[in-house]
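**Q** Quick one: sequence plus predicted model below, questions after.
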Amino acid sequence: MSNPENKTKVTAFENGPLLIEGNFTVKGVDGVLLSTMDKVYLCRCGKSANKPFCDGSHKK
Amino acid sequence: MDKNERSYTNGEITVHWKPRECVHAGTCFRELRSVFDPSRRPWIDISQASTDAIIDIVERCPTDALTYERNTSAGAIEGQTSTKPPQAEKVSFNIMRNGPILAEGSLTVVKPDGSTQEIKSITSFCRCGLSKKQPFCDGTHNKAGFAPDN
């Protein structure tokens, strides 16, 4: 089973985005691979112009 | 058992439907609409495809919303429930069209108050900002008309 050290972690920031860290992929609505990085910020306010990624619009 | 749960049989297998487990990944109705048609009531018509085709779809349901059992020749259920394949270490985050982020795999969620929650195989995260179960999806995007992906 997965060991705790490299387990993927999802952090929901207060009034901010989702930070995803670990070994993961992000795929878009058409199944297209959007990210293979080990750290991404995803929008969770619905306002980002760069969805699914955060662009800071939640602060406006 | 949830009163909304349903079972459908074609004699060979029995498909169980647990609506509370569904995260609307959509594999079933996209790939086998004849059997799984959300606009129809009942939405599952198990007579519309072969047993093998239905098993293929049910096994690819990312949650236990759809499961199946093989019936015995007598029509009784053997009690051999399908189980989802174990999740790989790599977690996949799939953006659902006009919906949440579907996360498949084992992960730790850290909430804004610092508390943590372990997810064993699957969950969905709110992407519209309106869920009352933050950071998880509660389906509110449907009512709100969240449609950034059209």
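**A** Perfect, I can see it now. Numbering: from 1, shown residues only, chains lettered A, B, ... in the order given.
**Q** centroid residue for the chain?
**A** Since no chain was named, I'll use chain A. What sits nearest the mean C-alpha location of chain A, by C-alpha atoms, centre = their mean, is A:Leu42, with 3.4 Å.
**Q** oops, chain B please
**A** Centre-nearest of chain B using C-alpha atoms, centre = their mean is B:Cys22, 3.6 Å out.
**Q** Quick check: closest non-adjacent residue to that one.
**A** Closest residue in space to B:Cys22, ignoring its immediate chain neighbours: B:Ala65 at 3.9 Å, by C-beta to C-beta, 6 or more residues apart in numbering or on different chains. The C-beta positions use only the backbone N, C-alpha and C, and glycine is treated the same way.
**Q** Spell out which residues of chain B are next to chain A.
**A** B:89-97, B:101, B:103, B:105-112, B:125-130, B:134-135, B:146, B:148-149 (C-beta under 8 Å from any C-beta of the partner chain).
**Q** quick revisit: so the residue nearest to the centre of chain B sits right up against B:Pro62, yeah?
**A** No - the criterion here is C-beta atoms under 8 Å, and B:Cys22 misses it with B:Pro62 at 9.5 Å.
**Q** In chain A, what helix or strand scores lowest on average pLDDT?
**A** When each helix and strand of chain A is scored by mean pLDDT, DSSP states H and E, strand A:33-35 comes last, with a mean of 90.
**Q** Quick check: mean pLDDT of the lengthiest helix in chain B?
**A** Longest helix of chain B, by residue count under DSSP state H: helix B:51-60. In this model, helix B:51-60 has a mean pLDDT of 94.
**Q** Now do it: everything it contacts.
**A** Applying C-beta atoms under 8 Å, 6 or more residues apart in numbering or on different chains, the external contacts of helix B:51-60 come out as B:10, B:12-13, B:15, B:27-28, B:31-32, B:35-36, B:46, B:66-68, B:82, B:84-85.
**Q** Strand partners (parallel or antiparallel) of the least confident helix or strand of chain A?
**A** strand A:24-27 (antiparallel) (DSSP bridges).
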